[in-house]
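*Asks:* fold the following, please.
(one chain, ligands or ions: 1)
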Amino acid sequence: MLTTIIYRSHICDNVPVKTLEEMVDAANNKNGYADVTGILLFNGTHFFQLLEGPEESVLTIYRHICEDVRHYNVVELLRDYAPARRFGKAGMELFDLREHDSNQVLQTVLDKGTSKYQLTYDDRALQFFRTFVEAREKENYFEIPEADSWDFVADDSAVAPVTTPSGHCSFAFQPIIDPLAQEVVSLEALLRTPDGDSPQAWFAGLAAEDVYDADLKSKSVAFAMAAALDLGKQSLSVNLLPMTLVKIPGAVAFLVEEIHKNGLVPDQIIVEFTEQEIISRLEEFTGAIRQLKAAGIRVAIDHFGAGFAGLSLLARFQPERIKINRELIEDVHKSGPRQAIILGIIKSCTSLEISVCAVGVEKPEEWMWLESAGISLFQGHLFARPAFAGIPAVAWPEKRSGF
Ligand SMILES: Cc1cc2nc3c(=O)[nH]c(=O)nc-3n(C[C@H](O)[C@H](O)[C@H](O)COP(=O)(O)O)c2cc1C
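*Replies:* Coordinates of the predicted model:
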């Protein structure tokens, strides 16, 4: 099947532009051999390349290109299938935008296309050309430095594990941080079995009719452990199944009582709900949210972007915080679609004064891209892994000298 890949990247400072012709000659040969065709645009700082051909050949060549040290910040913009080649005349052709009249440059590029596509302006791939040539999305090109430009230095804030007050369940704690302000913003209590096994393992050990009651009661363990860990005024996030609020009468009153019993205050508690579970009984759930808010407890939506409702959920009720799912965070620095979705989420949440937290951050490049995009709250192994019954040290980013 005929596959198309379009990406953009930034040329490295140490690459003389005159060596590009040579590179393109070699690429032209290799592409011709693999039945891959395409065009490479260059504007003095950025490349924009379209590759098309048999899927496996295109993917192999693209893999090599991504590893090439002559450019960086390679962001894939489109990966799609097409009935015919758009630029089928050459294995690879370099087109330097600076050598052409800016009013005609787009048409000149498109004239290099293969006949069927020459005038098809509504083709997505050609719209990407237009956007690049006209530098329309340039404000969203976040040029992030190399991964090793930061050291992640662990502090001495770890707190040793406390004993779990009940035999039924336990919790691990993971910080949510603002890395540049060097501030722990919240701690999330993550449900575990008494042996430290996953929440899935804990729920699997319950009879179906006990799930919601057990879910609610487990929060008293979380609050008691937080008190034993001497949380002070630190805010604490706990997870709740949305249906727990709907099905268990007096659930909110129970939570408030347990919060006070453990020397905490409702204002420091954030209850997180998973997006996918919220949707099935939205009406009843919205009522329960009102009760939580009236009690002074804040609300967050977890795994945002993973389910079906997405942004439309923000029109139904407005949480204090949303947490963007790992699925969207993973390799965001390389993915145009993920970048576009996250920028959309940030824009909506900024308008609504909802804070945005990126979850599951593992790579320095993911953090750097997200930070450049305007996110300041992070949770993930890059900074701190969850600590069973205790609080982990936080590894704060420190710029390496020379960067
Ligand atoms: C902006 C840019 C575009 C490139 N385009 C191609 C291309 O279309 N085809 C290709 O074979 N190599 C291309 N290369 C070069 C590859 O990255 C790589 O150097 C080449 O495939 C040789 O790989 P090899 O030495 O592992 O065989 C490009 C490099 C850059 C920086």
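*Asks:* gap between the closest residue to the ligand within the stretch 251-400 of the chain and Arg63?
*Replies:* Of all residues in the stretch 251-400 of the chain, Lys334 sits closest to the ligand, at 14.8 Å by CB to the nearest ligand atom. For glycine as for every other residue, the C-beta is placed from the backbone atoms N, C-alpha and C. Separation of Lys334 from Arg63 (CB to CB, to the nearest Å) stands at 12 Å.
*Asks:* where does the prediction get shaky in the stretch 1-150 of the chain?
*Replies:* Along the stretch 1-150 of the chain, the model assigns pLDDT under 70 to residues 116-121.
*Asks:* show me what from it comes close to the ligand.
*Replies:* Residues of the stretch 1-150 of the chain lying close to the ligand (CB under 6 Å from any ligand atom) are 23, 27, 30-31, 38, 40, 47, 49, 51, 61, 64-65, 68, 70-71, 92.
*Asks:* please repeat the previous calculation with a cut-off of 5 Å.
*Replies:* Ala27, Lys30, Asn31, Phe47, Ile61, His64, Ile65, Asp68, Arg70, His71, Met92 (CB under 5 Å from any ligand atom).
*Asks:* let's have those in a markdown table, adding secondary structure.
*Replies:* Shown next, in a markdown table, are those (DSSP: H, G, I helix; E, B strand; the rest coil):
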| residue | secondary structure |
| --- | --- |
| Ala27 | helix |
| Lys30 | helix |
| Asn31 | helix |
| Phe47 | strand |
| Ile61 | helix |
| His64 | helix |
| Ile65 | helix |
| Asp68 | coil |
| Arg70 | coil |
| His71 | strand |
| Met92 | coil |
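*Asks:* of these, just the buried ones, PyMOL syntax please.
*Replies:* Filtering those down to the buried ones (16 or more other CB atoms under 10 Å) takes a single PyMOL command:
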select buried, resi 27+30+31+47+61+65+71+92
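*Asks:* neighbour count for Lys334 and Arg63, which is higher?
*Replies:* Lys334 (17 against 9; other CB atoms under 10 Å).
*Asks:* for that one, give me its contacts.
*Replies:* Lys334 makes contact with Cys66, Val74, Val75, Glu76, according to CB atoms under 8 Å, 6 or more residues apart in numbering.
*Asks:* what of His168?
*Replies:* Pro194, Ala214, Lys217, Ser218, Val221.
*Asks:* which stretches of the stretch 101-250 of the chain form helices?
*Replies:* Remark: helices assigned in the stretch 101-250 of the chain by DSSP state H, counting those that start in this stretch are 105-111, 124-133, 199-204, 211-228, 242-247.
*Asks:* can you put these in JSON lines and add mean neighbour count?
*Replies:* What follows is the helices of the stretch 101-250 of the chain, written out as JSON lines (neighbours: other CB atoms under 10 Å):
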{"stretch": "helix 105-111", "mean neighbour count": "16"}
{"stretch": "helix 124-133", "mean neighbour count": "18"}
{"stretch": "helix 199-204", "mean neighbour count": "14"}
{"stretch": "helix 211-228", "mean neighbour count": "20"}
{"stretch": "helix 242-247", "mean neighbour count": "21"}
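*Asks:* in JSON lines, list the ones you listed along with distance to Pro161.
*Replies:* Compiled in JSON lines, these are given as follows (distance: least, CB to CB, whole Å):
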{"stretch": "helix 105-111", "distance to Pro161": "62"}
{"stretch": "helix 124-133", "distance to Pro161": "52"}
{"stretch": "helix 199-204", "distance to Pro161": "18"}
{"stretch": "helix 211-228", "distance to Pro161": "9"}
{"stretch": "helix 242-247", "distance to Pro161": "27"}
